[in-house]
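[1] Based on what follows, work out the 3D shape:
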Amino acid sequence: MARLPRIDLADVPQHIIQRGNNRQACFFSTEDYRVYLKSLLLAAQKYDCFIHAYVLMTNHVHLLATGTTLGAVSLMMQSLGRRYVRYVNAAHRRTGTLWEGRFRSSLVDSERYLFACYRYIEMNPVRASIVTTPGDYPWSSFGYNASGVSDSLITAHKCYTALADTHAVRRKVYRNLFERPVDDDEIKAIRAHVKQGRVLGSERFQAQVKAALNRRVELSRPGRPRNVL
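    Presented below is the predicted three-dimensional model:
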């Protein structure tokens with residue numbers, strides 16, 4: 001049975017996860033992280049996508065991105081994947097699969113869940129006990145979003161820009177969001193929706209997406225039979 005197309009709309013942010021095959025490493029050196037970010041920038045520019053947040057972990061990647069046209073995010077990820085895999089195989093004299101199949105993604109309701117996703121993504125190294133604060137981790141967007149560290153990859157989402165009228169105050173407000181951990185229910189919701197490729201948002205937002213795409217966008221209920229895709 002053919003796989004259903006991704007739930008996708010132009011100008012709606014998406015939380016994206018891509019994992020190494022069998023949860024194995026996809027970054028092996030400091031240069032690998034740099035090459036990935038450069039490759040992501042080139043792919044985002046080519047397909048008119050905006051990156052709002054990211055974190056590169058040893059064996060997986062989280063992105064918060066918006067495509068300006070239908071299918072732009074998928075094209076960006078395909079281009080990025082091909083470029084980065086070629087680099088890794090050549091640099092580390094390896095062959096075979098690097099990524100675990102297709103990337104996972106979920107549309108995100110910017111009015112309700114956008115900043116939960118920002119925090120979920122940039123707090124990943126803290127939850128993994130790699131660092132004690134998100135600012136200590138070098139391979140994430142927290143430095144830009146919270147402190148204004150230069151990062152040509154990042155384009156601020158309009159909701160981030162609306163936090164305050166000036167850069168300094170905006171970053172202070174953003175840092176304040178990290179004074180409390182992401183709620184357990186929010187974490188469960190974020191993980192469940194991106195795992196199933198559904199729409200993370202209010203019932204109203206889900207209804208709007210459902211009407212636009214004419215397909216189910218909410219989570220499958222526990223115990224409900226699922227098609228093998």
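
[2] Secondary structure element holding S106?
    When elements are assigned from DSSP states H and E, S106 belongs to strand 104-108.

[3] How far off centre is the very next helix or strand once past that strand?
    Counting by DSSP H and E, the element after strand 104-108 in chain order, helix or strand, is helix 114-122. Put simply, helix 114-122 sits 9 Å off its chain's centre (CA atoms, centre = their mean, to the nearest Å).

[4] Could I have the CA atoms of the longest helix along the chain written out in PDB?
    Assignment by DSSP state H gives helix 72-91 as the longest helix of the chain. Output in PDB follows, covering the C-alpha atoms of helix 72-91 (Å, rounded to 0.1, in the frame of the first residue of the first chain):
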ATOM      1  CA  ALA A  72       9.200  22.800   0.200                       C
ATOM      2  CA  VAL A  73      10.200  21.200   3.500                       C
ATOM      3  CA  SER A  74      10.400  17.700   2.000                       C
ATOM      4  CA  LEU A  75      12.500  19.000  -0.900                       C
ATOM      5  CA  MET A  76      14.800  20.800   1.600                       C
ATOM      6  CA  MET A  77      15.200  17.600   3.700                       C
ATOM      7  CA  GLN A  78      15.900  15.400   0.600                       C
ATOM      8  CA  SER A  79      18.500  17.800  -0.700                       C
ATOM      9  CA  LEU A  80      20.100  18.100   2.800                       C
ATOM     10  CA  GLY A  81      20.100  14.300   3.200                       C
ATOM     11  CA  ARG A  82      21.800  13.600  -0.100                       C
ATOM     12  CA  ARG A  83      24.500  16.300   0.400                       C
ATOM     13  CA  TYR A  84      25.300  15.300   4.000                       C
ATOM     14  CA  VAL A  85      25.400  11.600   3.400                       C
ATOM     15  CA  ARG A  86      27.800  12.100   0.400                       C
ATOM     16  CA  TYR A  87      30.000  14.100   2.700                       C
ATOM     17  CA  VAL A  88      29.900  11.600   5.600                       C
ATOM     18  CA  ASN A  89      30.600   8.600   3.400                       C
ATOM     19  CA  ALA A  90      33.600  10.400   1.800                       C
ATOM     20  CA  ALA A  91      35.000  11.900   5.000                       C
END
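
[5] which helices and strands does that helix pack with?
    Helix 72-91 sits against strand 13-19, helix 30-46, strand 49-56, strand 60-67, with contacts defined as 3 or more CB pairs under 8 Å, 6 or more residues apart in numbering; DSSP states H and E. (Glycine included, C-beta is placed from N, CA and C.)
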